[in-house]
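In: coords please:
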Amino acid sequence: MKRFAINFGLITVSFIIYFLQENFFDWFTIGGVMPNLFVIYVLFIGLFSGRNKGIAYGIEIGLMLDIVVGDVIGIYTVTLGIVGLVSGIFAKNFSKDSKLTIMIMVGILTFAFELIVYLLNYFILKINLELLIFIRIVLIEVLYNVLLAIIFYPLLKKLGYYIENEYQEDKILTRYF
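Out: Below is the predicted model:
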């Protein structure tokens, strides 16, 4: 029952993040650039729930974004799925307790997300984007995401360890055998 409540809560939070992304942060842009809260969210899920849940939620959230705001179904699905995969890999190799590590992870994944979206838009939709404008937008977005990750880190860490403990309780003995 707790896992159902956790999954329901994670899905509800994704809708809240969509609302914040599209309505609230529209007013708080830096140089016309909004943060990408979904990268931080999928990173959070992958770090604390594991690679499989990170991929699953990345694909689900990406599909929702493709349907609602995307031009082609698949671009956000693939990129957020990759973010979930990489965050699951980060969970096994890096500490979740260090703010610096989280900042670096958010920066790397935001840059990778935007680069993949840029390349997919270029190859699939034949959209010709300017490289200098892209670099400016990505740098601002990376800084914005890192700043938000620092602000929300204590809350994300507390909720993340709660979720991790709930999902990992069945696997305690299997680690040793």
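
In: got phi/psi on the residue sitting nearest the centre point of the chain?
Out: Centroid check for the chain by Cα atoms, centre = their mean gives residue 39 as the closest residue, at 2.3 Å. Residue 39 adopts backbone torsions of phi -60, psi -40, taken as degrees, to the nearest 10.

In: begin at 621, not 1, for the rest of this chat.
Out: Renumbered: residue one is now 621, and that last one reads residue 659.

In: give me the mean pLDDT for the lengthiest helix in the chain.
Out: Secondary structure of the chain read by DSSP state H shows that its longest helix is helix 751-788. Average pLDDT, helix 751-788: 92.

In: in this protein, where is pLDDT below threshold?
Out: 789-797 (pLDDT under 70).

In: quick one: the helices in it?
Out: With DSSP H, the ranges of helices along the chain come out as 622-639, 657-669, 671-688, 695-713, 719-744, 751-788.

In: the last one vs helix 695-713, what angle?
Out: The reference is to helix 751-788. 60 degrees (axes from the mean of the first three to the mean of the last three Cα atoms, to 10 degrees).

In: between the helices of the chain, which one is closest to residue 649.
Out: helix 751-788 (8.7 Å; Cβ to Cβ). Just so you know, the C-beta spots here come from the backbone N, C-alpha and C atoms, and that holds for glycine as well.

In: quick one, that closest one and helix 657-669 angle?
Out: Using the same axes, to 10 degrees, helix 751-788 lies at 30 degrees relative to helix 657-669.

In: re earlier: elements contacting the longest helix of the chain?
Out: helix 622-639, helix 657-669, helix 719-744 (3 or more Cβ pairs under 8 Å, 6 or more residues apart in numbering; DSSP states H and E).

In: of all those, which one comes closest to residue 647?
Out: helix 622-639 (13.1 Å).

In: how about that closest one as CSV, C-alpha atoms only?
Out: The C-alpha atoms that make up helix 622-639 are tabulated as CSV, following Å, rounded to 0.1, in the frame of the first residue of the first chain:
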residue,chain,number,x,y,z
LYS,A,622,2.9,2.4,0.8
ARG,A,623,4.4,1.8,-2.6
PHE,A,624,1.1,2.6,-4.3
ALA,A,625,0.9,5.8,-2.3
ILE,A,626,4.5,6.7,-3.2
ASN,A,627,3.9,6.0,-6.9
PHE,A,628,0.6,8.0,-6.8
GLY,A,629,2.5,10.8,-5.1
LEU,A,630,5.3,10.8,-7.7
ILE,A,631,2.8,11.0,-10.5
THR,A,632,0.9,13.8,-8.8
VAL,A,633,4.1,15.7,-8.3
SER,A,634,4.9,15.4,-12.0
PHE,A,635,1.6,17.1,-12.8
ILE,A,636,2.4,19.8,-10.2
ILE,A,637,5.9,20.3,-11.7
TYR,A,638,4.3,20.6,-15.2
PHE,A,639,2.0,23.3,-13.8
